[in-house]
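# Provided below are the primary sequence and the corresponding predicted coordinates.
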Amino acid sequence: MLDALTAGALEDAARRRAALPADRLESIALQTPTPLDAAAILGTPKPDSDGPHIIAEVKRASPSKGALADIPEPASLAARYQAGGATAISVLTEERRFLGSLDDLRAVRAAVSVPVLRKDFIADEYQLLEARAFGADLALLIVASLEPARLAELHRFATQLGLSVLVEVHDEHEIDAALEAGARILGVNTRDLKTFTMHPERFAELRARIPDGVVAVAESGVQSAADVARYRRDGADAVLVGEALVTDGDPESRVAEFGRAA
Ligand SMILES: O=P(O)(O)OC[C@@H](O)[C@@H](O)c1c[nH]c2ccccc12
């Protein structure tokens, strides 16, 4: 599944590149305001609460669940997340299975002042230029979908563009590869990418391998404040939540509640 998603994302990027070559995209990217330092922001404890930073996700659908929510105005959803105290906003831009787009990224960027993450299956420099040009402050790199040398190369390229990187891992070996590549923000995705089953205990098991000074993000499977509190007690600096927020009638209050969970 991960390979198919990455192949599809690369195909879609190649189509966009045919319309806008990399050198032209790069000059747009470099005229875009300097990204926020997401690693520093997520690495600083919240002044007003013992809860974790919340990274709130704009997510219409997923391969495991199909359609989750109609989101006609991603900008207003993101603004409500920010009003609820979200430290950062994640925007799924993958088109085929998550039904996202770069237009969503652009709209969210214009609506919020907190860091914005481009969440996609990134395996090419062009996709990082897009992230920067459409206003993202950070980009996702998934260790399981990249050779170690390629991961390091893309991490370096993103950093040169001024982007922070959320490096996603699933096991000890991937943590080692991520740290080797220079990761400052590590996301443990507790959803198994092959079976889509949830293993929230994986976060606690892997947390000990994440060194001080590296931001630890717990990703996936949060349904309630109790789930957030558990990740927090297990040592999460930040918790990334999608489904529970897009399916809630009052995402602002829900983000606020999650941000206090400790
Ligand atoms: O909707 P959830 O269970 O709260 O999960 C959010 C997020 O962790 C999930 O969307 C995600 C984690 N890693 C990814 C990589 C690609 C696409 C999506 C993801």
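The structure has been received and is ready for your questions.
# Tell me the residue of the stretch 51-200 of the chain that sits nearest the ligand?
Using C-beta to the nearest ligand atom, the point where the stretch 51-200 of the chain gets nearest to the ligand is Asn189, with a distance of 4.5 Å. C-beta coordinates here come from the backbone N, C-alpha and C atoms, glycine included.
# try the chain
Counting by C-beta to the nearest ligand atom, the chain gets nearest to the ligand through Gly242 (2.9 Å).
# For the chain, which segments count as strands?
With DSSP state E, the ranges of strands along the chain come out as 53-58, 61-62, 66-67, 88-92, 116-119, 138-142, 164-169, 185-189, 215-219, 238-241.
# okay, those strands in JSON lines with mean neighbour count next?
Below are those laid out as JSON lines (neighbours: other C-beta atoms under 10 Å):
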{"stretch": "strand 53-58", "mean neighbour count": "28"}
{"stretch": "strand 61-62", "mean neighbour count": "19"}
{"stretch": "strand 66-67", "mean neighbour count": "9"}
{"stretch": "strand 88-92", "mean neighbour count": "27"}
{"stretch": "strand 116-119", "mean neighbour count": "29"}
{"stretch": "strand 138-142", "mean neighbour count": "26"}
{"stretch": "strand 164-169", "mean neighbour count": "26"}
{"stretch": "strand 185-189", "mean neighbour count": "26"}
{"stretch": "strand 215-219", "mean neighbour count": "26"}
{"stretch": "strand 238-241", "mean neighbour count": "27"}
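# right, so of the ones you listed, which gets closest to Pro74?
strand 53-58 (4.9 Å; C-beta to C-beta).
# which other helices and strands contact that closest one?
Secondary-structure packing of strand 53-58 (3 or more C-beta pairs under 8 Å, 6 or more residues apart in numbering; DSSP states H and E): helix 74-83, strand 88-92, strand 238-241, helix 243-246, helix 251-260.
# Can I get those in TSV including mean pLDDT and distance to Leu141?
As requested, the helices and strands packed on strand 53-58 are exported to TSV (pLDDT from 0 to 100; distance: least, C-beta to C-beta, whole Å):
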stretch	mean pLDDT	distance to Leu141
helix 74-83	98	22
strand 88-92	99	14
strand 238-241	98	15
helix 243-246	98	22
helix 251-260	98	25
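# how about the helices of the stretch 101-250 of the chain, start to end?
102-111, 125-133, 148-160, 172-180, 201-207, 225-233, 243-246 (DSSP state H, counting those that start in this stretch).
# picking that back up, to Ala226, which of the strands of the chain lies closest?
Distance to Ala226, taken as C-beta to C-beta, is lowest for strand 238-241 among the strands of the chain, at 12.1 Å.
# so where's the stretch 51-200 of the chain shaky on pLDDT?
Applying pLDDT under 70 to the stretch 51-200 of the chain flags no residue at all.
# Tell me the residues of it that contact the ligand?
Within reach of the ligand by C-beta under 6 Å from any ligand atom, the stretch 51-200 of the chain has these residues: Glu57, Lys59, Lys119, Glu168, Asn189.
# Of those residues, which pair is most distant in space?
Of all pairs drawn from those, the widest gap by C-beta to C-beta lies between Lys59 and Glu168 and measures 15.1 Å.
# which residues are contacting the lengthiest helix in the chain?
Longest helix of the chain, by residue count under DSSP state H: helix 2-19. For helix 2-19, the surrounding residues in contact (C-beta atoms under 8 Å, 6 or more residues apart in numbering) are 25, 63, 94-97, 120-124, 126-127, 130, 142, 144-145, 193.
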